[in-house]
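A.B. asks: Below is the sequence, then the predicted model.
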Amino acid sequence: MLDVNRSLHLHIDELPHDQLQRFLVCYAREHPEMPYCQGMNYLAGYVLLKSHMHPSAYAIFSYAMERHFVQIFANNFAGMRLKLYLFERLLAIFHPDLSDHFKREMITPECYAVGWVI
């Protein structure tokens, strides 16, 4: 979980990294089928910040992961890759000029759309 130290650095006073790390370690231990993946730190961090470190934050994060994000993070980001592929295809259909420009410049959806999916 090396990326925890880079997480939400603008909120370091409100969300110490050691608390975020412990939160994520607890989740990983409780859900061995879903190992920690890069990006979970931002989701967990925002839940902790918005809940003001309320004890229910863990339940909220767990529910969000199980209901919405497991399919994105699981199997080496298979769900994320599918969504980015669909985005790329839709961009080509609805905005072909922009799609062609991105292709010429070698700008893939991974460069700009990951945050939208999460």
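C.D. replies: Yep, it's here.
A.B. asks: What residues sit buried inside stretch 77-87?
C.D. replies: Buried residues in stretch 77-87, counted by 16 or more other Cβ atoms under 10 Å: F77, M80, K83, L84. In this view, the C-beta of every residue, glycine as well, is placed from N, C-alpha and C.
A.B. asks: Minimum pLDDT in the residues you listed, which residue is that?
C.D. replies: Taking the buried residues of stretch 77-87 together, the minimum pLDDT is found at F77 (89).
A.B. asks: Show only the entries of the buried residues of stretch 77-87 found in strands.
C.D. replies: Taking DSSP state E, every one of those sits outside strands.
A.B. asks: Let's have these in a markdown table, adding distance to K50.
C.D. replies: Converted to a markdown table, these look like this (distance: Cβ to Cβ, whole Å):
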| residue | distance to K50 |
| --- | --- |
| F77 | 25 |
| M80 | 23 |
| K83 | 24 |
| L84 | 26 |
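A.B. asks: what's the closest of those residues to Q38?
C.D. replies: Set against Q38, the nearest of the buried residues of stretch 77-87 by Cβ to Cβ is F77 (9.0 Å).
A.B. asks: picking that back up, so which of the buried residues of stretch 77-87 comes closest to V47?
C.D. replies: Set against V47, the nearest of those by Cβ to Cβ is M80 (19.3 Å).
A.B. asks: who are the neighbours in contact with the closest one?
C.D. replies: Shown in contact with M80 (Cβ atoms under 8 Å, 6 or more residues apart in numbering): I72, F73, V114, V117.
A.B. asks: Out of the residues you listed, grab the one that's most surrounded.
C.D. replies: F73 (21 neighbours; other Cβ atoms under 10 Å).
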